[in-house]
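Colleague: return atomic coordinates for the entry below.
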Amino acid sequence: MELNDANLQTLTQFLRKTLDPDPTVRRPAEKFLESVEGNQNYPLLLLTLLEKSQDNVIRVCAAVTFKNYIKRNWRIVEDEPNKISDPDRTAIKANIVNLMLSSPEQIQKQLSDAISIIGREDFPQKWPDLLTEMVTRFRSGDFHIINGVLRTAHSLFKRYRHEFKSNELWSEIKLVLDTFALPLTELFKATIELCQTHATDVNALKVLFSSLTLIAKLFYSLNFQDLPEFFEDHMETWMTNFHGLLTLDNKLLQTDDEEEAGLLELLKSQICDNAALYAQKYDEEFQPYLPRFVTAIWNLLVSTGQEVKYDLLVSNAIQFLASVCERPHYKHLFEDQNTLTSICEKVIVPNMEFRSADEEAFEDNSEEYIRRDLEGSDIDTRRRAACDLVRGLCKFFEGPVTAIFSGYVNSMLAEYAKTPRENWKHKDAAIYLVTSLASKAQTQKHGITQANELVNLTEFFVNHILPDLKSPNVNEFPVLKADAIKYVMIFRSQLPKEQLLQAVPLLITHLQAESTVEHTYAAHALERLFTMRGPNNTTLITAAEMAPCTEQLLNNLFKALAFPGSAENEYIMKAIMRSFSLLQESIVPYIPTLIGQLTHKLLQVSKNPSKPHFNHYLFESLCLSVRITCKANPATVSSFEEALFPVFTEILQNDVQEFLPYVFQVMSLLLEIHSNSIPASYMALFPHLLQPVLWERTGNIPPLVRLLQAYLEKGGETIARSAADKIPGLLGVFQKLIASKANDHQGFYLLNSIIEHMPPESLIQYRKQIFILLFQRLQGSKTTKFIKSFLVFVNLYCVKYGAIALQEIFDSIQPKMFGMVLEKIVIPEVQKVSGPVEKKICAVGITKILTECPAMMDTEYTKLWTPLLQALIGFFELPEDDSIPDDEHFIDIEDTPGYQTAFSQLAFAGKKEHDPIGDAVGNPKILLAQSLHKLSTACPGRVPSMLSTSLNAEALQFLQGYLQAATVQLV
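Modeller: So this is what the prediction gives:
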């Protein structure tokens with residue numbers, strides 16, 4: 001694509017169409033952009049538009065499109081084509097920093113993100129001058145530019161907060177510190193001075209405070225891995241100024257907005273985080289500054305209001321106290337009973353209250369409320385921070401803290417008992433307090449695993465939780481009902497089984513509650529209870545115990561999906577999946593009704609898939625319906641196909657990318673249930689499965705290979721008879737997969753199924769070419785994974801076609817090739833093969849080469865006979881060789897570029913391990929003994945003399961054992 005006006009015009013038109021709400025206009029435009037993004041100059045056209053277009057909407061659209069293009073394509077993945085040409089890469093890196101700094105803020109943010117994506121791949125090795133280019137801009141004095149630099153640096157360095165330590169990371173951070181730490185410190189000091197100069201100019205202060213917040217964030221990232229020498233030397237500068245900013249209160253920066261945090265709050269929150277980092281990690285160096293920070297943060301907490309805009313600040317301030325109070329060094333600061341009472345009274349209790357803002361979220365923004373409350377993403381909520389502080393204090397002062405709070409809990413519950421309608425929030429706070437006091441350790445899988453002995457959980461359950469669950473009106477006091485359900489869920493490992501069984505029917509009733517939070521919690525609690533393990537590794541709650549309420553459980557779960565806002569509720573769908581899995585054959589009578597509801601739901605969500613977890617559990621539930629019903633009666637598979645195929649056809653025709661891997665897995669499951677034949681409906685689809693476009697997407701490869709294997713297993717004969725023209729296409733897929741290091745094993749799965757199930761005559765003309773392709777790949781790049789798969793294939797070929805056929809095909813490619821393969825690959829590498837079926841195939845194949853291949857007995861190959869036998873005995877007796885050459889360890893199989901849907905394995909579409917040899921060979925060692933006996937009777941005297949001259953003593957001893965076990969001897 002040339003950089004000219006015509007192309008800029010075209011691009012502008014298509015970008016405008018991508019903003020159209022009408023999908024018939026939008027989708028083709030998106031497809032067009034996707035089709036041209038591989039062309040040279042495409043990214044430069046986008047950058048030209050975002051810089052020069054007269055239309056602001058187009059500029060922003062070009063910026064977003066550019067960022068997403070970089071996100072998808074910048075990373076260079078091994079075996080994949082490089083999506084962006086080298087000249088384009090160079091031009092982008094040469095211009096993007098300037099462009100970013102001179103653009104308006106909306107565009108600046110997009111370009112800043114793009115720089116950090118490029119930086120993640122290219123900085124510092126392939127982009128050494130990035131930092132120096134950025135640092136020189138600090139001197140410009142223009143804070144629009146300076147903030148652009150700071151924002152970009154922040155998105156570039158924030159990964160240091162969660163990267164694992166490595167020499168590479170250390171050397172990168174050292175380089176950054178050498179270039180960046182001093183200018184950052186100078187900028188920090190200069191900005192603070194400017195704040196004093198402009199103390200009365202509100203617009204200047206807003207810009208300066210946003211700079212200070214970014215500087216404080218950079219401080220956190222650069223100090224996270226270890227305390228850098230530079231910052232240790234300049235701690236006085238940083239900490240004195242941080243402390244000053246914490247205590248600063250500038251009336252001009254206070255906002256009227258009660259929801260949105262202002263600049264002052266954001267800056268102080270980050271400073272609390274920075275202080276907590278130093279208190280936790282570098283307590284010795286930080287000791288001189290700690291007391292004044294504790295005082296400043298304490299004063300901040302006591303004087304800050306309950307408005308939502310202060311939530312982040314208050315929770316970070318409380319988290320600071322929590323991180324300080326659990327360090328033995330600082331224990332003395334909290335020992336005094338009055339201090340503890342004061343913390344409990346002034347900080348913890350007020351921040352556990354359920355505020356009107358929480359009530360609004362509960363009712364109107366339930367998804368966000370659930371995310372924060374259930375999934376622990378409430379890291380920055382006041383309640384979570386207060387709860388962490390309780391835990392921290394209990395580490396050294398469990399007795400006194402429990403005593404102080406017990407008083408509070410009792411008085412709150414008494415208040416509630418007096419007038420429940422007015423005082424229900426008191427009970428909510430009491431339950432929250434009991435929960436945070438009682439829970440010492442918690443896991444996703446088991447809930448609370450360690451509890452405070454001073455709190456009687458069972459008694460609290462009976463007196464205060466059960467009455468709420470039993471109340472006949474499920475819609476009354478929804479917050480307290482949700483609290484009660486959550487209590488059962490998190491203390492499930494602590495409560496006795498009879499109480500859990502008492503709770504189950506009550507939870508099923510709560511699925512009918514109108515409140516989204518309440519019915520979601522009920523579904524989640526049931527799902528968690530159903531996964532609890534009982535004695536001898538079964539589920540704690542059994543299908544028999546669920547029998548009286550099975551029908552109501554299934555009814556209520558499906559009805560709950562009809563509530564407004566819960567049409568794609570992932571917790572309900574997960575509970576449906578888990579109920580199917582627990583109840584097993586008890587669901588069979590209900591399946592005819594339920595499968596209709598599930599397919600209807602699938603049709604709806606396939607129009608616009610937006611909830612990946614919901615969709616995943618939906619497909620899992622479909623798989624369970626199929627497996628459970630067909631286990632009882634395999635003939636019912638056709639009624640499932642009738643229900644599912646129309647929807648699947650629509651998904652395939654509309655190319656709903658997110659769903660294709662799932663559809664292929666469910667189809668494999670259905671096809672595998674058929675007895676040995678392929679229904680016509682599947683054969684009609686077969687040619688479509690070979691289309692190259694399907695194989696371009698990494699996520700499709702594992703499920704498509706499995707589906708093709710199912711086709712081959714059920715109908716190798718049919719394919720050879722009625723679709724022989726498709727065999728080259730099938731082998732083309734194998735050829736594509738084998739060329740990729742990431743997917744070569746999938747290529748072998750397919751090839752092994754072709755060899756095992758296709759009639760031999762249908763492959764005669766292709767066999768030699770298959771081997772040639774494998775040798776080309778061996779010469780090009782020989783990885784351990786490839787060699788293991790290659791060995792299994794060669795031996796499977798030998799088992800299927802015989803050792804003579806194997807030797808002949810090798811030697812027809814090149815004279816003496818058979819010997820080279822044995823000497824260079826089979827003998828030295830067979831020890832690496834792993835997996836019971838793979839090992840069995842190799843053992844039987846090598847046995848056939850040793851005992852059924854005349855060329856091994858009387859040509860120059862004979863010298864390899866004993867080493868091969870020795871390798872086979874070693875294969876039986878020595879531990880597996882799992883060493884991997886150094887450089888291979890780093891090939892990332894999972895790293896797929898960009899946003900492609902990665903493959904999501906459906907647990908309940910599981911595939912059984914297939915053994916192509918089956919019962920024909922029970923014990924390969926016995927087979928070896930019997931085969932050697934047969935060989936020695938055919939040429940008497942040869943075998944024992946070959947053994948005695950060159951097999952080592954230990955191997956000989958093992959071999960005698962095999963012969964004895966098989967009750968045969970050599971002659």
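Colleague: host element of residue 340?
Modeller: Taking DSSP states H and E as the criterion, residue 340 maps to helix 337-343.
Colleague: packing partners of the host helix or strand of residue 290?
Modeller: Counting by DSSP H and E, the element that carries residue 290 is helix 290-303. Under the contact definition 3 or more C-beta pairs under 8 Å, 6 or more residues apart in numbering; DSSP states H and E, helix 290-303 sits against helix 235-247, helix 263-281, helix 311-325. All C-beta atoms are positioned from the backbone trio N, CA, C, and that covers glycine.
Colleague: residue 868 against residue 851, yeah?
Modeller: No - the pair residue 868 and residue 851 fails to qualify as a contact (C-beta atoms under 8 Å) at a distance of 10.8 Å.
Colleague: on that earlier part again, residues of the helix holding residue 340 that come out buried?
Modeller: 340, 343 (16 or more other C-beta atoms under 10 Å).
Colleague: pretty sure residue 218 is touching residue 152, no?
Modeller: No - assessed by C-beta under 8 Å, residue 218 is found out of contact with residue 152, at 10.7 Å.
Colleague: contact partners of the helix holding residue 340?
Modeller: Contacting residues not belonging to helix 337-343 are listed as 321, 333, 334, 389, 393, 397, 400, 401, 404 [C-beta atoms under 8 Å, 6 or more residues apart in numbering].
Colleague: out of those, which are inside strands?
Modeller: Judged by DSSP state E, strands contain none of these.
Colleague: state the number of residues packed around the nearest residue to residue 587 once chain neighbours are set aside.
Modeller: Closest residue to residue 587 apart from its sequence neighbours, by C-beta to C-beta, 6 or more residues apart in numbering: residue 580 at 5.6 Å. By other C-beta atoms under 10 Å, the residues close to residue 580 number 24.
Colleague: what helices and strands are in contact with the helix or strand hosting residue 580?
Modeller: In the assignment (DSSP H and E), residue 580 maps to helix 570-583. Judged by 3+ C-beta pairs under 8 Å, 6+ apart, helix 570-583 is in contact with helix 516-530, helix 543-546, helix 550-560, helix 612-632.
Colleague: where are the low-confidence patches of the stretch 651-800 of the chain?
Modeller: Judged against pLDDT under 70, the stretch 651-800 of the chain has no low-scoring part.
Colleague: repeat the analysis, applying 80 as the threshold.
Modeller: Residue ranges of the stretch 651-800 of the chain with pLDDT under 80: 676.
Colleague: same deal with the stretch 351-500 of the chain?
Modeller: Residues of the stretch 351-500 of the chain meeting the criterion pLDDT under 80: 375-380, 439-454.
Colleague: the stretch 801-950 of the chain too?
Modeller: For the stretch 801-950 of the chain (pLDDT under 80), the answer is 881-903, 910-912.
Colleague: now the helices for the stretch 51-200 of the chain?
Modeller: Secondary structure of the stretch 51-200 of the chain (DSSP state H, counting those that start in this stretch): helices located at 56-73, 86-102, 105-122, 130-136, 143-157, 167-197.
Colleague: repeat that for the stretch 401-550 of the chain.
Modeller: Assigned by DSSP H, counting those that start in this stretch, the stretch 401-550 of the chain shows helices spanning 420-438, 457-460, 466-470, 478-490, 497-510, 516-530, 543-546, 550-560.
Colleague: buried deepest among these, which one?
Modeller: helix 516-530 (a mean of 26; mean count of other C-beta atoms under 10 Å).
Colleague: for it, name the packing helices and strands.
Modeller: Counting by 3+ C-beta pairs under 8 Å, 6+ apart, helix 516-530 packs on helix 366-374, helix 478-490, helix 497-510, helix 550-560, helix 570-583.
Colleague: adding distance to residue 922, write these out as CSV.
Modeller: Shown next, in CSV, are the helices and strands packed on helix 516-530 (distance: least, C-beta to C-beta, whole Å):
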stretch, distance to residue 922
helix 366-374, 52
helix 478-490, 49
helix 497-510, 44
helix 550-560, 43
helix 570-583, 34
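Colleague: residue 685: which of these is closest?
Modeller: With distances scored as C-beta to C-beta, the stretch of the helices and strands packed on helix 516-530 nearest to residue 685 is helix 570-583 (26.7 Å).
Colleague: would you mark the buried spots in the helix holding residue 580?
Modeller: 570-583.
Colleague: what mean pLDDT would you report for the helix or strand following it?
Modeller: Where DSSP H and E defines the elements, the next helix or strand beyond helix 570-583 is helix 591-606. Throughout helix 591-606, pLDDT has a mean value of 96.
Colleague: can you check stretch 88-98 too?
Modeller: Summarised as a single mean, pLDDT over stretch 88-98 is 95.
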